[in-house]
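S.K.: Dropping the sequence and predicted coords here.
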Amino acid sequence: AQSVAQPEDQVNVAEGNPLTVKCTYSVSGNPYLFWYVQYPNRGLQFLLKYITGDNLVKGSYGFEAEFNKSQTSFHLKKPSALVSDSALYFCAVRDNTGGFKTIFGAGTRLFVKA
Amino acid sequence: DAGVTQSPTHLIKTRGQQVTLRCSPKSGHDTVSWYQQALGQGPQFIFQYYEEEERQRGNFPDRFSGHQFPNYSSELNVNALLLGDSALYLCASSASGGAGETQYFGPGTRLLVL
């Protein structure tokens, strides 16, 4: 069965410092991995995805994520956090065994302090 | 280019009533998925529609049904509403390229069941 874990409910970081939001997954086949961000009372905005190829994926707003197959992880990173990055971040997974069902993690709230 | 749109934005119903939510996909997309996001949780997959057929379904009861029209827009119907159906309902659209396609989300419909 597919599953996604985001082990931290909240991440606090000072503006200008690097940030990491963690995600681990479990799938039957090869994973398709996604990161989305949600601002208050809004839908989800797509940040980046890993399908195949380079393990380091670059996305919107300066975010990147590193796919690690051996650790089954897909951590979201940004070299220098902005106050405006404060939001709720979701990791999601599908696999290549024919299903279209996307499994989302419970979310991690990122708080960037000025 | 209009993104994914949903209507209405908010809805209040009482237990036992029925509700219909509507979604128009992003231009060029032919696949629509519906998700339920309860407060403080990640989105949960309800079902996906492609070519006017339900292609895959999550763990939701038959009270949840849907429809896709020839113009790719979609409806989510929920019968016999329960208090636990109170949530943000998200629609996501994608192109029909396979499980690796990116889903783009609408702003959601917030349903309150009293």
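M.R.: Nice, thanks for sending it over.
S.K.: which residues in chain B form strands?
M.R.: For chain B, the strands defined by DSSP state E occupy B:5-7, B:10-13, B:19-24, B:31-37, B:44-50, B:53-57, B:64-68, B:74-78, B:87-94, B:104-105, B:109-113.
S.K.: okay, these in TSV with mean neighbour count, distance to chain A and mean pLDDT next?
M.R.: C-beta coordinates here come from the backbone N, C-alpha and C atoms, glycine included. Output for these, formatted as TSV (neighbours: other Cβ atoms under 10 Å in any protein chain shown; distance: least, Cβ to the nearest Cβ, whole Å; pLDDT from 0 to 100):
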stretch	mean neighbour count	distance to chain A	mean pLDDT
strand B:5-7	16	8	96
strand B:10-13	14	10	97
strand B:19-24	20	11	98
strand B:31-37	25	7	96
strand B:44-50	22	5	95
strand B:53-57	13	5	92
strand B:64-68	18	14	97
strand B:74-78	21	14	98
strand B:87-94	25	6	96
strand B:104-105	22	4	94
strand B:109-113	18	8	97
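S.K.: nearest to A:Tyr39, of those strands?
M.R.: strand B:104-105 (11.8 Å; Cβ to Cβ).
S.K.: Does anything pack onto the closest one? Which helices or strands?
M.R.: strand A:44-50, strand B:87-94 (3 or more Cβ pairs under 8 Å, 6 or more residues apart in numbering or on different chains; DSSP states H and E).
S.K.: Quick check: chain neighbours aside, which residue is closest to A:Gly43?
M.R.: Residue nearest to A:Gly43 in three dimensions, not counting chain neighbours: B:Phe105, with 4.0 Å by Cβ to Cβ, 6 or more residues apart in numbering or on different chains.
S.K.: and that neighbour, how far is that from A:Phe63?
M.R.: Applying Cβ to Cβ, to the nearest Å, the value for B:Phe105 to A:Phe63 is 17 Å.
S.K.: Look up how far A:Ser60 lies from the closest residue in space to B:Asp85 that isn't next to it in sequence.
M.R.: Distances taken as Cβ to Cβ, 6+ apart place B:Val113 nearest to B:Asp85, at 5.2 Å, with adjacent residues excluded. Relative to A:Ser60, B:Val113 is positioned 35 Å away (Cβ to Cβ).
S.K.: do A:Pro31 as well
M.R.: Using Cβ to Cβ, A:Pro31 is found at 20 Å from A:Ser60.
S.K.: Could you do A:Lys113 as well?
M.R.: As judged by Cβ to Cβ, A:Lys113 and A:Ser60 stand 22 Å apart.
S.K.: Surely A:Tyr61 forms part of a helix?
M.R.: Yes: under DSSP: H, G, I helix; E, B strand; the rest coil, A:Tyr61 sits within a helix.
S.K.: Just the pLDDT for it.
M.R.: pLDDT, A:Tyr61: 93.
S.K.: who touches it in this structure?
M.R.: A:47, A:78, A:85 (Cβ atoms under 8 Å, 6 or more residues apart in numbering or on different chains).
S.K.: do B:His29 as well
M.R.: B:His29 sits next to B:72, B:93-95, B:104 when contact means Cβ under 8 Å, 6+ apart.
S.K.: if we can go back for a sec, mind listing the residues bridging to the residue nearest to B:Asp85?
M.R.: Per DSSP bridges, the residues bridged to B:Val113 are B:Lys13.
S.K.: try B:Gln68
M.R.: So, taking DSSP bridges as the rule, B:Gln68 has B:Ser74 as bridge partners.
S.K.: for it, what are its contacts?
M.R.: B:32, B:49-53, B:74.
S.K.: Great, nothing more from me.
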